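Undergrad: have a look at this fold, sequence not included:
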């Protein structure tokens, strides 16, 4: 999540963007030299850390697929969605349930430009430019109201976003707002930087704080506490690479049967349901 911007803001190529750095680490091309400079710190000084981005993306894909295939939920809100890449939420959901509707939420100007271009021919998607820390603004935005029926269950996607919300910005309050404003039967997917109490965690956190002024690693218990009032489904809060892993993950570079690297342990995922 970047700092608050106005919807009409232009893209600043002199300042790094979390969304563009993430795009670079995933092998995308929607980034600038300033983003690659930060990304290369991870690639060069923290070898193996790129696995965090791939493990997170794979877990998100599995979660959306499972929700679309095994529940009656046909509407998704993707908070802090980032730049479009392979298997975006609407593509996965609509592959299994074509009537699925998706609202993407982000404030990075480049995300808005690329997202709207990608979705211009898809009338079941919207891109909303509201800060994740303003859930009321997201829920009441005309595009959200146009697409999402809050009398029916919703899938709230919080993929790799809450760790960019500092403690004093009340990340638990963000989740609580959505918990209180969606009906029973709604699902919440969360992925989050997972504290390993090791040098790798400390160094990666230092890089993000120095660059963006945000990036908070949390323990499994702290991540679970963000989901207070929701039923955390099996297998609980676990490393993202292990969260309901299946053979489809091989496309993202994980070989079946091998031990996780220290880096893959540093991103956790979980799925919860509102009773």
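TA: In hand now; what should we look at? The structure presented is a predicted model; accordingly, all values stated were derived computationally and were not measured.

Undergrad: which element is residue 211 on?
TA: Using DSSP states H and E, the element containing residue 211 is helix 199-212.

Undergrad: which helices and strands does the helix or strand following that helix pack with?
TA: Following helix 199-212 in sequence order, the next helix or strand is helix 220-225 (DSSP H and E). Packed against helix 220-225 by the contact rule (3 or more CB pairs under 8 Å, 6 or more residues apart in numbering; DSSP states H and E) you find strand 267-273. C-beta: built from backbone N, CA, C; applies to glycine.

Undergrad: partners of the strand it packs on in the sheet?
TA: Strand 267-273 sits in its sheet next to strand 187-193 (antiparallel), strand 231-232 (antiparallel), strand 238-239 (antiparallel), going by DSSP bridges.

Undergrad: which parts of the helix holding residue 211 are buried?
TA: 200, 201, 204, 205, 207, 208, 211, 212 (16 or more other CB atoms under 10 Å).

Undergrad: residue 226: neighbour count?
TA: Applying other CB atoms under 10 Å, we find 23 residues neighbouring residue 226.

Undergrad: now for it: which residues touch it?
TA: 162, 171, 172, 175, 190, 192, 218 (CB atoms under 8 Å, 6 or more residues apart in numbering).

Undergrad: let's go with 6 Å and repeat that
TA: By CB atoms under 6 Å, 6 or more residues apart in numbering, the contact set of residue 226 is 171, 172, 175.

Undergrad: from what I can see the first one touches residue 162, true?
TA: Yes - taking CB atoms under 6 Å as the definition, residue 171 is a contact partner of residue 162 at 4.6 Å.

Undergrad: do you know which of the strands paired with strand 267-273 lies nearest residue 83?
TA: Closest approach to residue 83 among the strands paired with strand 267-273 is made by strand 187-193 (16.5 Å; CB to CB).

Undergrad: orientation of the closest one relative to helix 199-212 in degrees?
TA: Angle of strand 187-193 versus helix 199-212, following axes from the mean of the first three to the mean of the last three CA atoms, to 10 degrees, is 100 degrees.
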